[in-house]
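In: What shape does this take:
(one chain, ligands or ions: 2)
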Amino acid sequence: MMIIMKDGATEEQIEHVVDRLESVGAQAHVSRGKYKTVIGAIGDREKFITLPWEAFAGVEKAVPILKPFKLVSREFKPEDSIIEVGPLKVGGDQFAVMAGPCSVETEKLLIDTAKLIKKEGGSVLRGGAFKPRTSPYSFQGLGIEGLKMLAAAREETGLPVVTEVMDPRDVEVVGEYADIMQIGARNMQNFLLLKEVGQQKKTILLKRGFCNTIEELLMAAEYIVSGGNSSVILCERGIRTFETFTRNTLDISAIPSVHSLSHLPIIVDPSHASGRSELIESLSLAALAAGADGIMVEVHPKPEEAWCDGPQSLDFNGFAHLMRQVKSLATSIGKKLD
Ligand code: PEP
Ligand code: MN
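Out: Ligands and ions are numbered 1, 2, ... in the order given. You can find the predicted model right below:
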């Protein structure tokens, strides 16, 4: 349920509603919008639905949220959420470019790649230190050594870093190094992990599972936000279809769909969506044109030597070309890259 406060409702009136909700065991999530304050009530609805909310001073009305996701819904917060990571903003009219190798390999390679990304106008460095691999025999990532290399690359370039966390037991250590913690497609419904990152004060990049619906993606985000962490960026990274030419199928419709259903920003990962470097530019431009809040692309100085996902990685020239195209389209549709 949402309790919509009147314009100009006082802090005491808001506090009183929050206290009353908490007194019946509900959680109260206060969203202070440009025009209105809305209080989301989460918990056993029978306990609070019958209270005479409209008799409370400062309350305009109480309305049920009909969707299964509440706090991430547009109904709860009509304005776009702008997620701030240091000086970086994701959402609204900003377009974020996250880029880097699939996995962290060596410090030098990572720093060279980070410098290129920075020079071409990218905003975040990506790189996996804990890698979810289909085969137990494939390279599993450098672990904490990889996290240290990411921190060194941040130190060198000033770029914030995004890296995956796969295990609730690693959340603390990954959080010490990462600016944004990624929940990968395979873990989108790892509810223990979602609850754990919901307790953190750190931005979470939540990737859509390749067999999950948009509603399931938003329910996964609801786990994180209801745990107390509202700093969430969603990511469409392709879903499994009957098509085999591409690794997955990029669901472009997820972008406007998520924007209509939720206030959270959504970026697109054309690398894992397509599995083919030659498709990255077209898919990135399509994502931008469809209203995405950013992209995340894999970049490697020598894709043929990459330890992981070489065929879908752009080389440095490919990334520079992509950035020129992205900047030109972004300018013409009123999106900002910095
Ligand atoms: C990744 O971004 O490193 C990754 C493994 O992607 P996904 O979880 O989307 O497969
Ligand atoms: Mn990859």
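
In: Please compute how far the top helix by length along the chain lies from its chain's middle.
Out: Ranked by residue count under DSSP state H, the longest helix found in the chain is helix 316-333. How far helix 316-333 lies from its chain's middle: 22 Å, per C-alpha atoms, centre = their mean, to the nearest Å.

In: on contacts alone, who are the packing partners of it?
Out: Contact here means 3 or more C-beta pairs under 8 Å, 6 or more residues apart in numbering; DSSP states H and E; on that basis helix 316-333 packs against strand 96-100, helix 107-119, helix 280-289, strand 294-298. (Each C-beta comes from the backbone N, C-alpha and C, glycine too.)

In: The third one packs against which elements?
Out: Using 3+ C-beta pairs under 8 Å, 6+ apart as the contact criterion, the secondary-structure elements in contact with helix 280-289 are strand 266-268, helix 270-274, strand 294-298, helix 316-333.

In: From ligand 1, how far out is Arg32?
Out: Separation of Arg32 from ligand 1 (C-beta to the nearest ligand atom, to the nearest Å): 33 Å.

In: What sits closest to Gly128 if chain neighbours are left out?
Out: Counting by C-beta to C-beta, 6 or more residues apart in numbering, Ser103 is the residue found nearest to Gly128 once chain neighbours are left out, at 4.5 Å.

In: just His272 next, same as before
Out: Nearest non-adjacent residue to His272, counting by C-beta to C-beta, 6+ apart: Arg237, 4.6 Å away.

In: what phi and what psi does the backbone show at that neighbour?
Out: phi -130, psi 20 (degrees, to the nearest 10).

In: mind listing what it touches?
Out: Under the criterion of C-beta atoms under 8 Å, 6 or more residues apart in numbering, the neighbours of Arg237 are Ala185, Lys207, Arg208, Phe210, Asn248, Val268, Asp269, His272, Ala273.

In: Residue numbers of the stretch 101-250 of the chain in contact with ligand 1?
Out: Taking C-beta under 6 Å from any ligand atom as the measure of proximity, the stretch 101-250 of the chain contacts ligand 1 at Cys102, Gly128, Pro132, Glu164, Gly184, Ala185, Arg186, Lys207, Arg237.

In: you'd agree Val197 is up against Phe191?
Out: No. Val197 is not in contact with Phe191 according to C-beta atoms under 8 Å; the separation is 11.0 Å.

In: When these two are compared, which one has more neighbours?
Out: Set Val197 next to Phe191 and count neighbours by other C-beta atoms under 10 Å: Val197 wins out with 25 against 12.
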